[in-house]
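Chemist: fold the stuff below for me.
(5 chains, ligands or ions: 4)
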Amino acid sequence: MTPTHRDARDPGTKGPRGLGSRKKERIDELAATAGASGPVDEAGAIDDTAGVSLIASAWRRLRRSPVFLVGLAITIAFVVLAIVSSWLAPHDPGEWLLYDKVSPQSNPIPGPEPGFPLGADDKGRDLLSRLLVGSRQTLIVGVCATLFGLAGGLVLGTLAGAFSGWVDSVIMRIVDVMLSIPSLLLAFSISAVASRPSQWTLIIAIAIVQIPIFARLLRGSMLAQRSKDHVLAARALGVKKSAIVLRHMLPNSLGPVIVQATLVLATAIIDAAALSFLGLGNPDDRNPEWGQMLGRAQTYIYDHPHLAFYPAICIIIVALGFTLMGESLREALDPKSRR
Amino acid sequence: AESERSDDGSGGGSGGEGGDGTFTFGAAGAPEVFDPFYASDGETFRITRQIFEGLVEVKPGSAEIGPGLATEWEPNEDGTKWTFTLRDGVTFSDGEEMNAEAICANFERMADQNETAQAGPAEYWAYSMEGFGEDSLYRSCEATDDMTVDLTIARPTSKFPALLSLSSFAMQSPKALEEGNANEVTKQGEGFSYPENAQNPVGTGPYTFEKYDTANKTVTLKRNDDYWGEKAKNAEIVFKIIPDESTRRQELEADSINGYDLPNPVDWKGLEDGGNQVEVRPAFNILYMGLNPERNEKLQDKKVREAIGLALDREGMVKAQLPEGAVAASQFMPDTVQGYNSELQPTERDVEKAKSLLKEAGAEDLELTFAYPSEVTRPYMPNPQKIHEALTNNLEEVGITVKAVTKPWNGGYLDGVDNGQFDAWLLGWTGDYDSADNFIGTFFGNLESNDFQTSATDFGEQLSQEIKEADQTVDEAERTAMYEELNKKIAEEYIPGLPISHSPPAIVVNEDVEGLVASPLTAEEFSTVTVGGK
Amino acid sequence: MSTAATEPASDRAKGDRTRGDKGEVLVDVQDLKVHFPIKRGIIFDKVVGHVYAVDGVDLQIRRGETYGLVGESGCGKSTLGRAILHLEESTEGTVTFDGQSLTDLGGEDLRKRRRDLQMVFQDPMGSLDPRQSVESLLVEGMKAHGIVGDAEAAMPRLKQLLSDVGLPAAALKKYPHEFSGGQRQRIGIARALSVDPELIVADEPVSALDVSVQAQVINLLADLQEEYGLTYLVIAHDLAVVRHISDRVGVMYLGGIVEESDAADLYANPLHPYTRALLSAVPVPDPDVEDTREQILLSGDLPSPANPPSGCRFHTRCPWRQESRCDDERPQLRLVEIDGTTGSHKVACHYAEQIASGEIQPHDVETQTEDKPKELREAEGDEVADDIPFT
Amino acid sequence: MLRFIVRRLLQLVLVIFALSVLLFAWLKSLPGGTVSAMLGERATPESREALTKELGLDQPIPVQYWSFLKRAVQGDFGVSNGVQPGTPALDLLLERFPATIELSISALLVAVLLALPLGYLAARRRGGILDNVAIVGSLVGVAVPVFFLAFLLKYWFAIELGWMPVSGRQEVGNATRVTGFFVLDGLLTREWDASLDALKHLVLPAIALASIPFAMIFRITRASVLDVLDEDFVRTARSKGLTSRVIRGRHIMRNALLPVITAIGLQTGLLLGGAILTETVFNFPGIGNALSEGFTKRDYPVLQVIILAAAGVYVLVNLVVDILYAVVDPRVRTR
Amino acid sequence: MTTTTPETARRDPRGAEPLLSVRDLTVTFKRQGEDPFVAVDGLSFDVRPGQTVGLVGESGCGKSVTSLAIMGLLPDRGNTVTGSVELDGRDLLTLSNKQMRDLRGSDIGMIFQDPLSSLNPVVPIGRQVTEVLERHKGMSRKSAKPVAREMLHKVGIPDPDRRLTEYPHQLSGGMRQRALIAMALACEPRMLIADEPTTALDVTIQAQILALLRELVEEMDTALIMITHDLGVVAGLCDEVNVLYGGRLVERGDRHPLFHDPHHPYTGGLLSSVPSLEGDAAERLNPVPGSVADNLPWTSSCAFAPRCSNAIERCREETPAAVASGDRVLRCFNPLGGQASPAESEEDRR
Ligand SMILES: Nc1ncnc2c1ncn2[C@@H]1O[C@H](COP(=O)(O)OP(=O)(O)OP(=O)(O)O)[C@@H](O)[C@H]1O
Ligand SMILES: Nc1ncnc2c1ncn2[C@@H]1O[C@H](COP(=O)(O)OP(=O)(O)OP(=O)(O)O)[C@@H](O)[C@H]1O
Ligand SMILES: [Mg+2]
Ligand SMILES: [Mg+2]
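Modeler: Ligands and ions are numbered 1, 2, ... in the order given. Down below sits the predicted model:
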């Protein structure tokens, strides 16, 4: 670090800025609300209510953001659907109910009929039921891919961020190599390895791509935390190193990682669709998943576009939900954007 | 008499009888090499077929063979020496004359391959001619006079001379062969590097090679104005390589191509509704379910194999999964092949009988590892997964536990089948030429190594012996009868595997296109095609 | 020097802790150096230079006193403070605390020892973990040193601590961002006090605060010192604050202490030219003083600690600089005997006596715009470039 | 700066080397492969064995890698055996890469030309209608799978309206090839038609490919303009009474572009990944197309050379971006 | 010269006509979902040519907002500014954007607190100076260059030729502040506003900058508004001092009387909070209790009352009005020393 323009680059300098504005906010708040009089000791009055953590105060801000609320509503609706869809679905999504009506030439995709409002797919399975129940697998793919990626990234990032030196170097070089392969290519490659493609190979392929991103993100903020005064304070206090890493550095570094995670949820679902599209998805389609449905539908896209449209719209809405939520979270947690 | 081709023919101004149109065809893949001898895939042959001709040719619209560069042929008594009379007045497009010398130069070139070529690129020869040197079916070629050629083969076989109609064995200009160092195939890394000849095909066909624009993935052919026969109707054929199926369809709908091969059956109706012509070819293929008695001992019991056959609802599958014109199969070859036994009927589904047979065999708890390939569609198997699922449902209904396995076609499936990794699997075959041996011979002829592991059965040896006998029978009628008998035995006595269906592949062209003759061997010649009446 | 051994933790409750006499040396810093390497390399980094942040400091802090450290930004005050607490690895020299050398201590021993040495930071927000409530912030240290078992048991002590620093008990359940700057600083102080330390290093504890709040905190520090018998090392750049709070004051310039004396003495009789300039530059809220004061305006800025001037570090800006010695001989901190000063006045200037007596008169200083050596500049460039996020 | 470049180049070599080891080991561990792909259904155990032996695939993997490495340093990455059999993998790469570059640059241009002004306007009118519409629009852009968007584009603009070609890079013709960049070639050889035709083929794929980069660049521009608007030096500029044009150009955009430049570098990764889908859907003969084909055909030489090249290009582009960054930002320049 | 003694006899500018006169300046910020916040509340003061007027007060009392309001640099939306700011009789608040732009930089210059962040990091120093000249003096870039050089020289930047082409990060803090001053002074504005120009600097550098400012004001007869919270700086530089609390003026006076005899308890509190370099070091400081955060809005009482040691009943019930007596203005019911007449309340005045 150079003495001359430490300020220009030190991530820490964002602190004071945010601090300043937060301080002002606080001032505004108190100026507006303070009505209680009485003896004032030097330190000023402190009300008796329980404290509001950073997360809680971020939530307060978010509550007023329409973008976030829309995103949240979509997400919650999606999760709820995923949970209850098995009961909602009029038919078993795996059963070839209208198989008799399927004929590859004259009627490859049975149309709507009583009891089958959206018709069936190419195997005579009820499309509506598949769409409904598909939310569950889609959620599983998205969540698992994100969780695995997150877990891997957390481990690598924490190790690199907590121990500097060669551990850091080795990990970051590995991460660099992984990062230097374009992500879809990497996912593509990984799922092609699988000797037995399944939902899990898909999940793992998507997850692995996320690991270096999470790792780098986390390491970056861990390093920033390491030079923070409160970490130094904990060291000075004689707190054990592990506790410093786990109690102080890690939790404070998680913000950007969590935001990234919500965004990854969206991309994971889209990536799953892309891999299915390229023929690398889960071959077993008894349990429907939107990406897979979309990928499979391309055979029929010309004459029966609805087969692709429904899952595509579902994916778009859900991905949009996660993205809206993630982006507004990012804004809410970024001290710079508070004003 | 002909001089070197001049360039003005390509402009099309005053070209021969043909029009000056361009026929643009959507190809599904890039050609391998333009030397058909080293090629093995349909996309390459589709192109080389327009440029080259063989001694014998398949008659348009059928699987039968007819005259090609040879007008007549005659075997000797024991069927080991064949005399071909060549067509007069044929020249290669580089001006070289097509005569007996040229033919023998070709055969000698084909037989004389270096080790590298033997191991890989000269695959069709290695497989159809059963190898090189001593092992080979091919013995010699002799030019008895300028226009007569004697081909000697090691033993009589039903394949001859039909196999000469294979695109691989088409005749190339000896000059081009020599100048292009045709045989200098070398290994480079994990692939093969081909000599110049492979980029400069010179044949006698109705078209000549113009260029292969690899950056734009198009192959352009020009009409051969000096063609000996009826000149091509189109001045130019362009093959646009479009691997993605739905893109081919979109291109056709947008009128930027005139036709493409193997439209997905589910598109047929839509295509026809859009005014295109879907030409369904007679099925010249077979889809079967292979069984591996070596891996799963229960399959050694004929009752079990029979039960599985009875469990399958072939008709239902054909109706729901395969295009119109597809039929359930009763034997391991389509009805156009000589030796097809028309008395045989596809096994009817009989769940009860299947169950009781299984019970008799003590195999009620039969567990089958049943595989299907991914990343592939084949003419006989437009959607492997769906077919597999349908059959699995059938099997499960008779109480068989199916363990579904899937592997990418090139990523372990073919290996797996070869190495006997599955109890049961889906595979098929499109015939190369009209010969029963090309079907059952391929499947069961080789006792030591075949996918069905017939060596692990009691009938394997006998079957292979019977196939050989039939193949070597010179008399055609006698041979046909033997094959018919053999087909019956395979279907009823041996049951080494289960024939499922024959599925007709289609080719689609838009409404402007006329004169396309669909071929069961998917070996269309485009010289008769006109676009928009031009 | 003191020989007091570490007492067992149990009998160190407030009130009956056994402290040595006031005046006994608690912290002894000998020739302390902290050099930060500047690294650069193509694949493997090699050291191409050093930032001489602290460059040979001798310093004694006596038990119960307040030692004030002043100096311009970047002269190494914070680094010195941290090195004393062994929060920064020192390059050379020793720090002896209460008779025990901290320099040799490591790992668990050091961690245990930290109980006696605490720190208060400049940025009251940045030094408090924003995710921890005040309660857990305060309990953490106590737990780490086994002073209390759990949060429950810590309650009375926590209340006491808070009232000591003038905060209501209601503050316990709150989070740092809910407090004003002054209140946060009080929390920071309470945290330092929570483990019952002997020495507190306060690094610019009031610089970020408004004047009135600054005064509150200064008073608080003074009160606490009295109550707990604490020893302070207070780092500040505001000379008035330092004078107010300190018993003894050291003036730092570019990694070294250039003058040290009792507070009153130093302010009354600054001997080092730098101290003089510093003192004359401090604005005083009194128009009369301001109107009449003589100002010594220094030209130029603090040179780069990565490339300190040879000889006397101050010679590039010194109005009293002499041709001889100043440029090439680094003056040692030495006791000087000059009328009016106490006997403990130390200064690192070759000509302190002559300047004091007026024998040497100030003169103009040629402003030198200094450049860093090429290697260093390149290293800096590399480092900056490396910082560009690669993905 | 020179040292910095050298250092990064060395790192690049290391990355590529490490990647080549991993890639090789991984490809070799895949089931099936070259031999299967070459022989197809016709394969018999004997022919399989012969081919395996001929290609040296029966040797231990380290031995195979060593011979691969020896050849690779001489520029011989083997011969394609699936995508374009017989063509040296490197030639294939060199032929296909221009297509991808042409496509990526077009996409990037579309993205940047739209995103920068929109990002600026959105930030200036923070919370306004334009801002909200653009934000949601960009998020939708991210949420729509590229191949689906591609299909919609093709359906409307190529098939229904017929404005643009469905797929490919150029209608067949006799365009002269000079650089491999078709648009450029047409201009160089004054074959205007060819150039225009190539351009028309680029429009739809470029739009499809641009959707994600557009969204990212838009959001970064917006955020970064918002940041800069808050900066003290913008206030200083206004306090100097400068015209809004000068403030916008010299003071706001010049600073706001810094993070955007980095973002653009990172976009190349996304572009290369997105190209796999876009090129497949549009049958655009670039490396993305070759990759997806190479996988189904198990064309390992092609896969290897393309993945290595893509990684190399990605790292290189980011190096260039870093250098560019230093050019624009004097703080990063070596003093 | 390294040693300076400020001239004791400063020119008294008080006779001159005010150059800038601020009347009843009120700045209100709208806040999402909360009551509007009045950051500056009815502030009035005059600045004459050659006069230095100080605005002091704790953080958040509205100093910067005042200066930005004068410059017309408050954010475009979310605030309302009322009152008047007259420069030469022209009300700046009614001018169009274009007119304001013409004025800024040429008639009024401004210097900001943080010299690094106030300079554009990617534009050379020279360019940042010349652009003002180009804009207001119609010079070409080329002809502006020597002027800029001269400017840099004038504010004491050594080797100005080289510095012209350098970037802000290559300069030290003091030099950056000088460059900023050079920029503000390039068109020789008659009015200069300095918002905490030395807070980010070390004392020795601060002294250099303050000396420079003092010199410039005297030389060019510029009117200077000095904003700071450092009472020491005010004491040395300003002719007249305005003490702000919670957005309102609480006390105004010339520096000598104000520092020697503060009437408002807040002014007194501030002065006694500062540790002094003289006197007894051991003495406890007498800070104003509480912090600014605790202030009350001015609507129904004295905002300072909760922290005021002198507060009486009335302070919590009425809003005191600012009352002028001679040069002093005071807003207090119960001033220090008690000798001054208690202020009238705002109600009384209406
Ligand atoms: N970890 C580090 N690595 C490299 N250089 C450092 C490090 N920490 C501090 N320095 C450098 O050491 C010198 C002294 O820094 P230090 O923080 O001790 O100064 P200071 O006197 O406390 O300044 P301030 O008043 O600004 O806090 C500075 O030039 C600084 O840039
Ligand atoms: N753009 C804004 N929107 C809302 N409130 C604002 C805005 N700018 C300033 N304020 C509020 O106006 C009040 C006065 O702010 P101002 O910046 O003038 O204080 P100051 O006296 O300059 O303080 P400091 O000494 O910290 O610079 C503060 O409470 C601040 O929160
Ligand atoms: Mg410091
Ligand atoms: Mg301010």
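Chemist: tell me the mean pLDDT for whichever strand or helix holds residue D:323?
Modeler: Element membership for residue D:323 (DSSP states H and E) is helix D:300-328. Mean per-residue pLDDT for helix D:300-328: 83.
Chemist: equivalent analysis for stretch A:101-119, please.
Modeler: Stretch A:101-119 comes out at a mean pLDDT of 78.
Chemist: now the terminal residues of stretch B:296-304, how far apart.
Modeler: 11 Å (C-alpha to C-alpha, to the nearest Å).
Chemist: any buried residues in it, and which?
Modeler: Residues of stretch B:296-304 classed as buried by neighbour count (16 or more other C-beta atoms under 10 Å in any protein chain shown): B:296, B:298, B:299, B:300, B:301, B:302, B:303, B:304. C-beta: built from backbone N, CA, C; applies to glycine.
Chemist: and residue D:317, what does it touch?
Modeler: For residue D:317, the contact set (C-beta atoms under 8 Å, 6 or more residues apart in numbering or on different chains) comprises D:265, D:268.
Chemist: can you pull out the strands in the stretch 151-300 of chain E?
Modeler: With DSSP state E, counting those that start in this stretch as the criterion, the stretch 151-300 of chain E has strands at E:191-195, E:223-228, E:240-245, E:248-254.
Chemist: which among the ones you listed is found nearest to residue C:336?
Modeler: Residue C:336 sits nearest to strand E:223-228 of all the strands of the stretch 151-300 of chain E, at 37.1 Å, using C-beta to C-beta.
Chemist: list of residues touching the closest one?
Modeler: Taking C-beta under 8 Å, 6+ apart as the rule, strand E:223-228 contacts E:19-20, E:47-56, E:63-64, E:66-67, E:70, E:190-199, E:213, E:217, E:233-234, E:237-238.
Chemist: change it to 7 Å
Modeler: By C-beta atoms under 7 Å, 6 or more residues apart in numbering or on different chains, the residues outside strand E:223-228 that reach it are E:19-20, E:47-56, E:63-64, E:67, E:190-196, E:213, E:217, E:234, E:237-238.
Chemist: tell me the angle it makes with strand E:191-195.
Modeler: 10 degrees (axes from the mean of the first three to the mean of the last three C-alpha atoms, to 10 degrees).
Chemist: so which of the contacts of strand E:223-228 are also by ligand 2?
Modeler: Subset of these in contact with ligand 2: E:63, E:64, counting by C-beta under 6 Å from any ligand atom.
Chemist: re earlier: in JSON lines, list the strands of the stretch 151-300 of chain E along with mean neighbour count.
Modeler: Below are those laid out as JSON lines (neighbours: other C-beta atoms under 10 Å in any protein chain shown):
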{"stretch": "strand E:191-195", "mean neighbour count": "25"}
{"stretch": "strand E:223-228", "mean neighbour count": "25"}
{"stretch": "strand E:240-245", "mean neighbour count": "26"}
{"stretch": "strand E:248-254", "mean neighbour count": "24"}
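Chemist: per-residue pLDDT of residue E:349, please?
Modeler: Residue E:349 is given a pLDDT of 58.
Chemist: for residue B:259, same thing?
Modeler: With respect to pLDDT, residue B:259 has a value of 91.
Chemist: got a list of what the residue of the stretch 351-500 of chain B found nearest chain C touches?
Modeler: Closest approach of the stretch 351-500 of chain B to chain C (C-beta to the nearest C-beta) occurs at residue B:411, with a separation of 30.7 Å. The neighbours of residue B:411, taking C-beta under 7 Å, 6+ apart as the test, are B:375, D:30, D:31, D:32, D:298.
Chemist: show me which of those residues is closest to residue C:114.
Modeler: Out of those, the member with the shortest distance to residue C:114 (by C-beta to C-beta) is residue D:30, at 55.3 Å.
Chemist: distance-wise, check that closest one relative to ligand 2.
Modeler: 61 Å (C-beta to the nearest ligand atom, to the nearest Å).
Chemist: also residue B:104?
Modeler: 96 Å.
Chemist: in a helix, that residue, correct?
Modeler: Yes: counting by DSSP: H, G, I helix; E, B strand; the rest coil, residue B:104 is located in a helix.
Chemist: all helices for chain C, in order.
Modeler: C:77-84, C:107-113, C:134-144, C:151-164, C:181-194, C:211-228, C:239-245, C:263-268, C:273-281, C:287-292, C:352-356, C:374-387 (DSSP state H).
Chemist: please apply the same query to the stretch 1-150 of chain D.
Modeler: With helices called from DSSP state H, counting those that start in this stretch, the stretch 1-150 of chain D shows them at D:2-29, D:34-39, D:45-54, D:61-73, D:89-124, D:129-143, D:146-153.
Chemist: with the stretch 151-300 of chain E instead?
Modeler: Going by DSSP H, counting those that start in this stretch, the stretch 151-300 of chain E shows helices at E:160-164, E:173-185, E:203-220, E:231-237, E:255-260, E:265-273.
Chemist: adding mean neighbour count and mean pLDDT, write these out as TSV.
Modeler: Converted to TSV, the helices of the stretch 151-300 of chain E look like this (neighbours: other C-beta atoms under 10 Å in any protein chain shown; pLDDT from 0 to 100):
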stretch	mean neighbour count	mean pLDDT
helix E:160-164	19	85
helix E:173-185	26	86
helix E:203-220	20	85
helix E:231-237	26	88
helix E:255-260	19	88
helix E:265-273	24	88
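Chemist: got those as a markdown table, with distance to residue B:492 columns?
Modeler: Below are those laid out as a markdown table (distance: least, C-beta to C-beta, whole Å):
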| stretch | distance to residue B:492 |
| --- | --- |
| helix E:160-164 | 102 |
| helix E:173-185 | 99 |
| helix E:203-220 | 106 |
| helix E:231-237 | 111 |
| helix E:255-260 | 121 |
| helix E:265-273 | 111 |
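Chemist: returning to that earlier point: residue B:521 is nearest to which of the strands of the stretch 151-300 of chain E?
Modeler: strand E:191-195 (89.2 Å).
Chemist: CA atoms only: put the closest one into CSV for me.
Modeler: Below are the C-alpha coordinates for strand E:191-195, written out as CSV (Å, rounded to 0.1, in the frame of the first residue of the first chain):
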residue,chain,number,x,y,z
MET,E,191,-16.8,36.0,-3.3
LEU,E,192,-15.2,32.9,-1.9
ILE,E,193,-16.8,30.3,0.2
ALA,E,194,-14.5,27.9,2.0
ASP,E,195,-16.2,24.9,3.5
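Chemist: pull the residues that contact that strand.
Modeler: Applying C-beta under 7 Å, 6+ apart, the set of residues contacting strand E:191-195 is E:19-20, E:47, E:64, E:67, E:70-71, E:87, E:107-113, E:184, E:213, E:222-227.
Chemist: recalculate using a threshold of 8 Å.
Modeler: E:19-20, E:47, E:63-64, E:67, E:70-71, E:87, E:107-113, E:184-185, E:213, E:216-217, E:222-227.
Chemist: re the thing from before, make TSV from the helices of chain C and add mean pLDDT, distance to residue A:258 and mean neighbour count to it.
Modeler: Output for those, formatted as TSV (pLDDT from 0 to 100; distance: least, C-beta to C-beta, whole Å; neighbours: other C-beta atoms under 10 Å in any protein chain shown):
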stretch	mean pLDDT	distance to residue A:258	mean neighbour count
helix C:77-84	91	32	24
helix C:107-113	85	31	14
helix C:134-144	88	21	23
helix C:151-164	84	27	16
helix C:181-194	88	26	26
helix C:211-228	88	35	21
helix C:239-245	88	41	24
helix C:263-268	87	50	20
helix C:273-281	89	48	24
helix C:287-292	81	54	17
helix C:352-356	85	60	19
helix C:374-387	47	24	18
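Chemist: need those helices in CSV (columns: distance to ligand 1).
Modeler: Below are the helices of chain C laid out as CSV (distance: least, C-beta to the nearest ligand atom, whole Å):
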stretch, distance to ligand 1
helix C:77-84, 3
helix C:107-113, 19
helix C:134-144, 23
helix C:151-164, 27
helix C:181-194, 16
helix C:211-228, 16
helix C:239-245, 13
helix C:263-268, 18
helix C:273-281, 13
helix C:287-292, 25
helix C:352-356, 23
helix C:374-387, 10
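Chemist: nearest to residue B:236 among the ones you listed would be which one?
Modeler: When the helices of chain C are ranked by proximity to residue B:236 (C-beta to C-beta), helix C:374-387 comes first, at 56.3 Å.
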